[in-house]
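A.B. asks: coordinates only, sequence not included:
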């Protein structure tokens with residue numbers, strides 16, 4: 001069965017600079033007049049050189065770089081800036097006229113060049129941008145730049161998931177679907193050089209294909225073993241314990257049978273960081289890229305003998321779905337670990353609809369609306385009419401505010417959600433009661449027409465669990481509460497009081513309903529905190545949004561609004577009825593300008609110098625902006641200045 005259209009070679013990969021805005025601004029400030037510079041360190045491939053290159057773009061900057069081949073040659077890195085024969089003292093004099101010097105791969109400098117950089121930092125006439133790699137021994141003169149506090153140090157972390165997705169969207173025309181983005185981030189772990197190499201190889205190999213009915217691209221199939229991939233995994237391919245590592249690689253996504261390996265070998269591999277032991281005692285390869293490379297390097301006969309098949313994963317897949325369902329039942333969706341389903345998707349194998357619906361629901365409750373839609377579509381590939389997946393797809397699209405005509409006919413659950421969203425509770429309740437038994441979700445192993453166990457069965461009807469609240473998503477902007485135990489689904493009819501018996505697994509939702517029914521703004525804010533702690537970001541955003549309308553204190557209302565919009569942004573721009581009316585940013589153009597600079601980390605004095613204002617004027621503008629935004633201080637500002645709804649007054 002052909003899943004995707006194989007026309008991906010028409011893609012182009014411009015790879016513009018994306019993300020790292022805060023770090024970029026910090027480096028620019030550190031290299032401006034009046035500063036001595038900065039040292040940027042980080043793991044291989046995290047984008048250090050790309051970042052500092054962007055920071056000095058358009059400036060008069062001299063550049064030097066260390067190389068492993070010239071570490072024995074004095075002043076090799078500075079050969080293009082210095083005479084052939086020169087002393088350290090004379091070199092410092094000659095380079096004192098250089099206002100800005102970029103030193104790349106400083107950990108590879110020869111000793112004389114390292115000493116020169118150190119002396120330039122001591123004298124302070126030259127602003128230095130020094131780039132070094134973590135985990136590699138650097139010359140003492142280089143490491144003393146930050147340990148001796150001559151220069152501040154920016155320890156760059158691997159690119160986080162959100163910014164990786166932004167980079168891929170900018171670098172690959174049309175964007176990648178969420179499950180592909182997750183896979184690339186998981187494999188490359190923020191290594192941008194590796195990321196670009198893998199994406200380029202996937203593209204050239206024709207492994208990218210259009211997702212039907214969308215403008216997104218998806219990658220299914222093996223990992224291309226390119227030169228960069230081999231370089232990153234050379235340690236695992238050349239080890240004497242390779243046979244044990246191969247057994248682990250072919251056992252993925254399941255855990256290895258411990259009787260098949262020597263425990264002493266595993267202990268040695270664990271001590272060296274090559275394998276890890278999970279909370280359940282399972283042993284896995286430490287890096288997600290090692291397994292694909294080892295499998296690709298094995299011969300066909302060995303691969304045929306050791307490889308897992310989707311059928312062998314069935315029991316583990318059922319357990320994953322059951323565990324996710326238990327997590328939803330306990331109202332805790334903070335984290336998820338479901339490698340079996342992710343392996344099926346990566347290999348391009350069909351994903352059972354009952355499993356896809358559970359994954360979609362779990363992602364949706366976490367506010368990961370694009371991932372939820374992607375999982376629902378996976379389940380619909382081989383089971384196009386599956387009611388559960390169609391419902392989850394419709395709900396994810398409805399909550400994201402991107403409803404298309406093709407998604408409208410998605411079954412009674414979507415009908416209920418739409419009715420509830422527009423305040424028509426009678427129609428919503430009728431839709432739920434009419435279809436709850438007909439489209440019941442069941443665990444694997446139930447009757448053939450049953451779907452997967454899901455959030456709808458967190459408790460049976462009559463246990464006090466509100467079917468509609470769970471079934472139609474987190475938007476409860478217009479309902480009055482949750483039913484008391486034994487009352488059945490009477491959503492919107494009465495509130496549950498705090499002294500009534502509420503099942504522990506849904507207590508946070510009962511508290512939400514009670515706070516909303518009592519129009520208690522502070523209680524809604526507290527509920528939002530608890531929902532956020534449990535991973536329900538979209539629920540938390542809506543609780544804050546609901547608090548905006550019931551707070552008697554205008555400042556508290558502004559704070560709730562700020563939190564609601566920030567949380568909604570973390571939910572991939574969710575747009576539900578409760579959130580649709582929130583508009584943030586009644587700031588003047590000058591206030592927004594100052595807030596943006598403050599969010600980037602500039603002090604009041606630095607902002608005043610940059611904008612030619614007095615420090616008192618900057619402080620007054622910030623105070624007024626904080627009051628209007630409801631922000632408690634600078635810590636809340638980075639979320640606010642990037643919000644799409646924020647418009648200057």
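C.D. replies: Here it is on my side, so go on. Predicted, not measured: the structure shown is a model, and the values here were computed from it. Residues are numbered from 1 along each chain as shown.
A.B. asks: Only C-alpha atoms from now on, for both contacts and neighbour counts.
C.D. replies: Fine.
A.B. asks: Lowest mean pLDDT among the helices and strands of the protein, which one is it?
C.D. replies: Counting by mean pLDDT, DSSP states H and E, the weakest-scoring helix or strand in the chain turns out to be helix 467-471, with a mean of 34.
A.B. asks: okay, which residue is most central for this protein?
C.D. replies: residue 161 (3.3 Å; CA atoms, centre = their mean).
A.B. asks: so which helix or strand takes in the residue of the chain most remote from its centre?
C.D. replies: Among residues of the chain, the one most distant from the C-alpha centroid is residue 85; the distance is 51.7 Å, by CA atoms, centre = their mean. Using DSSP states H and E, residue 85 sits in no helix or strand.
A.B. asks: ok, now how distant is it from residue 69?
C.D. replies: 20 Å (CA to CA, to the nearest Å).
A.B. asks: May I have the residues that are in contact with residue 253?
C.D. replies: 339, 340, 343 (CA atoms under 8 Å, 6 or more residues apart in numbering).
A.B. asks: Count the neighbours of the first one for me.
C.D. replies: Residues lying near residue 339 (other CA atoms under 10 Å) number 15.
A.B. asks: Not counting its neighbours along the chain, what's nearest it?
C.D. replies: Closest residue in space to residue 339, ignoring its immediate chain neighbours: residue 253 at 6.0 Å, by CA to CA, 6 or more residues apart in numbering.
A.B. asks: Just say helix, strand or coil for that neighbour.
C.D. replies: coil (DSSP: H, G, I helix; E, B strand; the rest coil).
A.B. asks: Okay, it and residue 203: tell me how far apart.
C.D. replies: The value you get for residue 253 to residue 203, if CA to CA is used, is 25 Å.
A.B. asks: before we move on, what about residue 34?
C.D. replies: Using CA to CA, one obtains 46 Å as the distance from residue 34 to residue 203.
A.B. asks: list the contacts for residue 611?
C.D. replies: Applying CA under 8 Å, 6+ apart, no residues qualify as near residue 611.
A.B. asks: before we move on, back to that, following the least confident helix or strand of the chain, which helix or strand comes up?
C.D. replies: Next element after helix 467-471 (DSSP H and E): helix 507-517.
A.B. asks: quick one: average pLDDT of that following helix?
C.D. replies: For helix 507-517, mean pLDDT is 87.
A.B. asks: Next: stretch 558-565.
C.D. replies: For stretch 558-565, mean pLDDT rounds to 83.
A.B. asks: isn't the residue nearest to the centre of the chain right up against residue 184?
C.D. replies: No: using CA atoms under 8 Å, residue 161 makes no contact with residue 184, being 9.6 Å away.
A.B. asks: Helices of the stretch 151-300 of the chain, start to end?
C.D. replies: Along the stretch 151-300 of the chain, the stretches classed as helices by DSSP state H, counting those that start in this stretch are 161-171, 178-188, 192-204, 227-232, 234-237, 242-251, 263-271, 290-297, 300-306.
A.B. asks: Could you dump those helices into JSON lines and include distance to residue 319?
C.D. replies: As requested, the helices of the stretch 151-300 of the chain are exported to JSON lines (distance: least, CA to CA, whole Å):
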{"stretch": "helix 161-171", "distance to residue 319": "27"}
{"stretch": "helix 178-188", "distance to residue 319": "21"}
{"stretch": "helix 192-204", "distance to residue 319": "32"}
{"stretch": "helix 227-232", "distance to residue 319": "33"}
{"stretch": "helix 234-237", "distance to residue 319": "31"}
{"stretch": "helix 242-251", "distance to residue 319": "17"}
{"stretch": "helix 263-271", "distance to residue 319": "26"}
{"stretch": "helix 290-297", "distance to residue 319": "23"}
{"stretch": "helix 300-306", "distance to residue 319": "23"}
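A.B. asks: Residue 363: which of these is closest?
C.D. replies: helix 178-188 (11.3 Å; CA to CA).
A.B. asks: Give me the distance from that closest one to the chain's centre.
C.D. replies: How far helix 178-188 lies from its chain's middle: 10 Å, per CA atoms, centre = their mean, to the nearest Å.
A.B. asks: how about it: buried residues?
C.D. replies: Going by neighbour count (16 or more other CA atoms under 10 Å), the buried part of helix 178-188 is 178, 179, 180, 181, 182, 183, 184, 185, 187, 188.
A.B. asks: of residue 34 and residue 203, who's got more company?
C.D. replies: residue 203 (21 against 11).
A.B. asks: now the more buried one: how far from residue 132?
C.D. replies: Taking CA to CA, one finds residue 203 at 31 Å from residue 132.
A.B. asks: With residue 176 instead?
C.D. replies: 32 Å.
A.B. asks: So if I had to pick from the two, which one is more boxed in?
C.D. replies: residue 132 (27 against 24).
A.B. asks: Helix or strand: which one has the more buried one?
C.D. replies: Using DSSP H and E, residue 132 sits in strand 127-133.
A.B. asks: now do residue 64
C.D. replies: Judged by DSSP H and E, residue 64 forms part of strand 62-65.
A.B. asks: contacting residues around the residue farthest from the centre of the chain?
C.D. replies: Here residue 85 is in contact with no residue (CA under 8 Å, 6+ apart).
A.B. asks: What separation do you get for the closest residue to residue 161 other than its chain neighbours and residue 289?
C.D. replies: Using CA to CA, 6+ apart and skipping the chain neighbours, the partner closest in space to residue 161 is residue 185 (6.4 Å). Separation of residue 185 from residue 289 (CA to CA) stands at 11 Å.
A.B. asks: Over to residue 16?
C.D. replies: Counting by CA to CA - residue 16 and residue 289 are separated by 25 Å.
A.B. asks: out of these two, which sits in the busier spot?
C.D. replies: Between residue 16 and residue 289, counting by other CA under 10 Å, residue 289 is the more crowded of the two (19 against 10).
A.B. asks: ok, now which ones touch the closest residue to the more buried one other than its chain neighbours?
C.D. replies: Once flanking residues are discounted, residue 289 sits nearest to residue 187: 5.3 Å by CA to CA, 6+ apart. By CA under 8 Å, 6+ apart, the contact set of residue 187 is 287, 288, 289.
A.B. asks: Can you tell me which of those is nearest residue 269?
C.D. replies: residue 287 (12.4 Å).
A.B. asks: This structure - how does it break down into domains?
C.D. replies: 8-16+160-228, 21-155, 233-308, 312-457, 470-580, 589-641 (automatic domain parsing).
A.B. asks: follow-up on the earlier one: and the residue nearest to residue 289, what pLDDT?
C.D. replies: 89.
A.B. asks: just residue 641 next, same as before
C.D. replies: For residue 641, the predicted pLDDT is 53.
A.B. asks: likewise residue 320?
C.D. replies: 91.
A.B. asks: Skip the chain neighbours and tell me the closest residue to it.
C.D. replies: Nearest-residue entry for residue 320: residue 338, 6.0 Å, with adjacent residues in sequence omitted and distances by CA to CA, 6+ apart.
A.B. asks: Spit out the contact partners of residue 286.
C.D. replies: 273, 274, 275, 276.
A.B. asks: give me phi/psi at it?
C.D. replies: Main-chain torsions, residue 286, degrees, to the nearest 10: phi -70, psi -40.
A.B. asks: burial of the closest residue to residue 296 other than its chain neighbours, as a residue count?
C.D. replies: Spatial nearest neighbour of residue 296, chain neighbours left out: residue 225 (7.3 Å); criterion: CA to CA, 6+ apart. Each residue near residue 225 was counted by other CA under 10 Å, and the total is 19.
A.B. asks: wouldn't residue 225 be in contact with residue 295 here?
C.D. replies: No: using CA under 8 Å, residue 225 makes no contact with residue 295, being 10.2 Å away.
A.B. asks: low pLDDT regions in the chain?
C.D. replies: Applying pLDDT under 70 to the chain flags residues 1-15, 173-174, 213, 280-281, 401-506, 581, 583-587, 627-649.
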